[in-house]
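Visitor: Okay, here's the prediction I keep looking at, along with the sequence it came from:
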Amino acid sequence: MIKNIGTDLVEKKRIKKIFKKFGDKFVDKILTNEEKEFFEERKGEERKVSFLSNNFACKEAVTKALGTGFSEGISLKQIQILRLNNGSPYVKLVGTAKKVANDNGYKNFYLSISDTKDLSLSVVIGEGS
């Protein structure tokens, strides 16, 4: 059963500006070590910015699907957006985000990312009982 849906749209120029200003400090704030492995595989600034923008949009969409936003102790690093070998993204929750999902009956999250030169869009569907 679908419990909730979350979406988010991010302007890449906003992420690029923050990335240029703060560099690794910004990366460390929003990505987990597992996500950084995928990030480091990206070559060139534009591909890195796309990755950051896409993951940021996904994390926002997950909090909306949970119905919490970034509240109730949920932080960016508790929501991991990882990739399968074929490049398909998936969600892995840890800490408070995982507890909130479990407590509210979420079993699976389905994730889609689309992006253009200027925008990152994410749609997340939360499924559970």
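Guide: Perfect, thanks for sending it. Numbers count the residues shown, from 1 in each chain.
Visitor: going forward, measure contacts between C-alpha atoms and count neighbours the same way
Guide: Will do.
Visitor: Tally up the residues packed near Gly105, please.
Guide: By other C-alpha atoms under 10 Å, the residues close to Gly105 number 14.
Visitor: pLDDT wise, what is it at?
Guide: Gly105 is assigned a predicted lDDT (pLDDT) of 97.
Visitor: for the one 3 residues further on, same thing?
Guide: The per-residue pLDDT reported for Asn108 equals 96.
Visitor: How about the contacts made by it?
Guide: Going by C-alpha atoms under 8 Å, 6 or more residues apart in numbering, Asn108 touches 126-128.
Visitor: Just give the nearest non-adjacent residue to Gly73, would you?
Guide: Distances taken as C-alpha to C-alpha, 6 or more residues apart in numbering put Thr96 closest to Gly73, at 6.3 Å, once the chain neighbours are dropped.
Visitor: Backbone dihedrals for that neighbour, both of them.
Guide: When read as degrees, to the nearest 10, the backbone of Thr96 gives phi -60, psi -40.
Visitor: What distance do you get for it to Ser122?
Guide: 22 Å (C-alpha to C-alpha, to the nearest Å).
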